[in-house]
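>>> take a look and give me a structure for this.
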Amino acid sequence: MAAPAEAAQTTGQTTAEKAAQDAAAPLGDMLGMALSGDPVMLRNLAGVLSAFSVRLVVALLILAATLWLAGRLAALVDRGISRLPAHRHQPADRTLPVFISTLVKYLVIAVGLIAVLQQLGVQTTSVLAVLGAASLAVGLALQGTLSNVAAGVMLLLQRPYRVGDRVELNGRQGKVRRIDLFNTVVNDYDGLTLYLPNGKVFGDMIVNYDRVGRRRIELTFGIDYEDDLDLALATLVEIAEAEPRVMKDPAPWAKMTALADSAVNVTLRCWATPDDWMDARYDLIKRAKETFEARGLNFPYPHQVQVDRADVRPKKA
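This is a model prediction of the structure:
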């Protein structure tokens, strides 16, 4: 009776050791042994597949929830930024809302994918280390481009100018046509399209001619010292008040501003809208010349006087 018991115990130990060895075998070997009809491998394979199917279903649920949450958060961020006071008056310029909402979307997706990989049994520590090293390398290689992106975000947040504004950027004047994360596109008054890097624009002086809604016209004329100064000043104010494109408030202003070498300088200051500024300025110059000449006011110009010097050198004997 002892021999059959010992044989049964030996057979049980052999089967357990075999099962343990087979459990550590690769999945391909398990499939091969299961297909050969080994009942132990069939049970092990069924357990592995059952556990993996549960993990797979959970991972798919996490992925679906991640995609849904990413879309919802992106839409909420887009609407929230669009309702800010700085963006409410110009809904057509959607660069910043689209950028921030897209960034939030992909951040949520990245976190969700890490959770999915962990659920499937993938060690994400090494993956994160590789991604961190790659991000550092890309950042160092594209540091100039990234500085433009950072400046573009600051320009879109602070809003020193908008699409359609007349501006002066880096010493060039024109009208803003587009603002993106890398460049500001300006059409200058010569018909040229300028692509200005945001890093240089944000680090230099920005002049916005449309923000206040009015722009000052300043014209200086020189009249003869013998002319009637009060008549010249009254004439300048009269010309400005007669121009329909000149604003009534603030009222036009004319004063004597300098005593030059050959003329008395009188200056006219008045205001016009940015749309009318250029045409009003040129028409005022033309009308001032015509009116001054009609009223006998002269525009002196520098004269050169030739003086003969007597020959004082002693004559030769």
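
>>> pLDDT score assigned to Asn148?
On the pLDDT scale, Asn148 is placed at 82.

>>> quick check, it in contact with Asp180.
No: if you go by Cβ atoms under 8 Å, Asn148 and Asp180 don't touch, sitting 9.6 Å apart. Every C-beta, even on glycine, is put in place using the N, C-alpha and C of the backbone.

>>> compare the two and say which is more crowded by neighbours.
Asn148 (21 against 15; other Cβ atoms under 10 Å).

>>> which SS state does Pro244 fall under?
Under DSSP: H, G, I helix; E, B strand; the rest coil, the three-state class of Pro244 is coil.

>>> for the one 3 residues further on, same thing?
Of the three states, Met247 takes coil according to three-state DSSP.

>>> where does Lys208 fall, phi/psi-wise?
Check again: residue 208 is Asn, not Lys. phi -110, psi 110 (degrees, to the nearest 10).

>>> any idea which element Ile109 lies in?
Element membership for Ile109 (DSSP states H and E) is helix 95-119.

>>> give me the contacts around that helix.
55, 58-59, 62-63, 65-67, 69-71, 73-75, 77-78, 81-82, 87, 124, 127-128, 152-153, 156-157, 179-181 (Cβ atoms under 8 Å, 6 or more residues apart in numbering).

>>> what do you get if the cut-off is 7 Å, keeping everything else the same?
55, 58-59, 62-63, 66, 69-71, 73-74, 77-78, 81-82, 124, 156-157, 179-181 (Cβ atoms under 7 Å, 6 or more residues apart in numbering).

>>> can you check stretch 288-305 too?
By Cβ under 7 Å, 6+ apart, the residues outside stretch 288-305 that reach it are 219, 221-224, 227, 231-232, 235-236, 239, 262-263.

>>> try it again at 8 Å.
Contacts for stretch 288-305 (Cβ under 8 Å, 6+ apart): 219, 221-225, 227-228, 231-232, 235-236, 238-239, 261-263, 268.

>>> show the end-to-end separation of stretch 164-178, please.
End-to-end distance for stretch 164-178, by Cα to Cα, to the nearest Å: 8 Å.

>>> kindly report the same for stretch 114-125.
10 Å.

>>> which parts of this structure are strands?
166-169, 172-179, 183-188, 193-197, 206-208, 215-223, 253-259, 264-272 (DSSP state E).

>>> turn those into JSON lines, columns for distance to Lys105 and mean neighbour count.
Below are the strands of the chain laid out as JSON lines (distance: least, Cβ to Cβ, whole Å; neighbours: other Cβ atoms under 10 Å):
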{"stretch": "strand 166-169", "distance to Lys105": "32", "mean neighbour count": "20"}
{"stretch": "strand 172-179", "distance to Lys105": "22", "mean neighbour count": "17"}
{"stretch": "strand 183-188", "distance to Lys105": "24", "mean neighbour count": "19"}
{"stretch": "strand 193-197", "distance to Lys105": "27", "mean neighbour count": "15"}
{"stretch": "strand 206-208", "distance to Lys105": "31", "mean neighbour count": "15"}
{"stretch": "strand 215-223", "distance to Lys105": "42", "mean neighbour count": "17"}
{"stretch": "strand 253-259", "distance to Lys105": "56", "mean neighbour count": "14"}
{"stretch": "strand 264-272", "distance to Lys105": "47", "mean neighbour count": "21"}
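
>>> any idea how far the nearest residue to Arg214 once chain neighbours are set aside lies from Ile217?
Excluding the flanking residues, the one nearest Arg214 by Cβ to Cβ, 6 or more residues apart in numbering is Trp271, at 4.9 Å. Per Cβ to Cβ, to the nearest Å, Trp271 is found 7 Å from Ile217.

>>> ok, now Val264?
21 Å.

>>> before we move on, what about Gln306?
For Gln306 relative to Ile217 (Cβ to Cβ), the value is 40 Å.

>>> how far does the longest helix along the chain sit from the chain's center?
Longest helix in the chain, counting residues (DSSP state H): helix 39-82. Its chain's average C-alpha position is 36 Å from that of helix 39-82, according to Cα atoms, centre = their mean, to the nearest Å.

>>> what residues does stretch 272-286 touch?
166, 209-210, 213-215, 217, 219, 239-240, 243, 245-247, 268, 270.

>>> not counting its neighbours along the chain, what's nearest Gln119?
Counting by Cβ to Cβ, 6+ apart, the residue nearest Gln119 is Ala59, at 4.4 Å.
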